[in-house]
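A.B. asks: after the sequence you'll find the predicted model.
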Amino acid sequence: AQTVTQSQPEMSVQEAETVTLSCTYDTSENNYYLFWYKQPPSRQMILVIRQEAYKQQNATENRFSVNFQKAAKSFSLKISDSQLGDTAMYFCALGAQGGSEKLVFGKGTKLTVNP
Amino acid sequence: EPEVTQTPSHQVTQMGQEVILRCVPISNHLYFYWYRQILGQKVEFLVSFYNNEISEKSEIFDDQFSVERPDGSNFTLKIRSTKLEDSAMYFCASTWGTGTEKLFFGSGTQLSVL
């Protein structure tokens, strides 16, 4: 069974600072994908960043980057230059390659960016 | 950017009633999904749908649930006899392929069962 664990229920950061959200996972698959989704108060699910497990290079999307440690099954999200609009729930998710694209989500981390 | 559209945004129903949640996936997508999120909890997979049939379903997706793609654009989730514990945000998602592709989520339907 695939599992995703986010050990930080809540975090806060000052505007313009950097914050890192943690995620660990477990899977028996060799090929899989990891995702970070943002859920603002509107509750829409917005894809922030995606990492393919077979790629060693860490994914980056503007101010968002990941630290993917495959052996440790760790997938943390770093947000640089935090903005007020980054305030949201952040969910880590795991999906196996191929098949039905079913995602397994963590419980989420509530991030608050303070002015 | 194209969007997955869900209607209604909020649905209130009485326990035991049937509800249909509607979704319009992105037009060239082939794989469709329903997820749900009980308030304060994680997002949970319900069902995936491809080529007019269910590909995979979770334990949550029991006989009270059904999905349908009645035409070329809509994708519906029906709950035949709602229970209090069905109260949740229901998300529709779609993608054009598996594996390397990403899921596009709709903005959700908040279902409240009274």
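C.D. replies: Everything's here; your move.
A.B. asks: show me what from chain B comes close to chain A.
C.D. replies: B:31, B:33, B:35, B:37, B:41-45, B:48, B:50, B:55-56, B:89, B:91, B:93, B:95, B:98-108, B:110 (C-beta under 8 Å from any C-beta of the partner chain). Placement of C-beta: from N, CA and C, glycine included.
A.B. asks: spit out the contact partners of the residue nearest to A:Ala59 when sequence neighbours are not counted.
C.D. replies: Nearest residue to A:Ala59, sequence neighbours excluded (C-beta to C-beta, 6 or more residues apart in numbering or on different chains): A:Gln51, at 4.6 Å. Neighbour list for A:Gln51: A:33-35, A:58-59, A:66, A:68, A:75 [criterion: C-beta atoms under 8 Å, 6 or more residues apart in numbering or on different chains].
A.B. asks: one step back: can you say which of the residues of chain B next to chain A are buried?
C.D. replies: Listed as buried from the residues of chain B next to chain A are B:31, B:33, B:35, B:37, B:42-45, B:48, B:50, B:55-56, B:89, B:91, B:93, B:95, B:98, B:101, B:103-108, B:110; burial here means 16 or more other C-beta atoms under 10 Å in any protein chain shown.
A.B. asks: before we move on, back to that, secondary structure class for the residue nearest to A:Ala59?
C.D. replies: strand (DSSP: H, G, I helix; E, B strand; the rest coil).
A.B. asks: of the contacts of A:Gln51, closest to B:Ser81?
C.D. replies: For the contacts of A:Gln51, the residue nearest B:Ser81 by C-beta to C-beta is A:Phe35; the value is 34.0 Å.
A.B. asks: does A:Leu103 really touch B:Leu46, like I thought?
C.D. replies: No. Taking C-beta atoms under 8 Å as the definition, A:Leu103 is not a contact partner of B:Leu46, at 11.5 Å.
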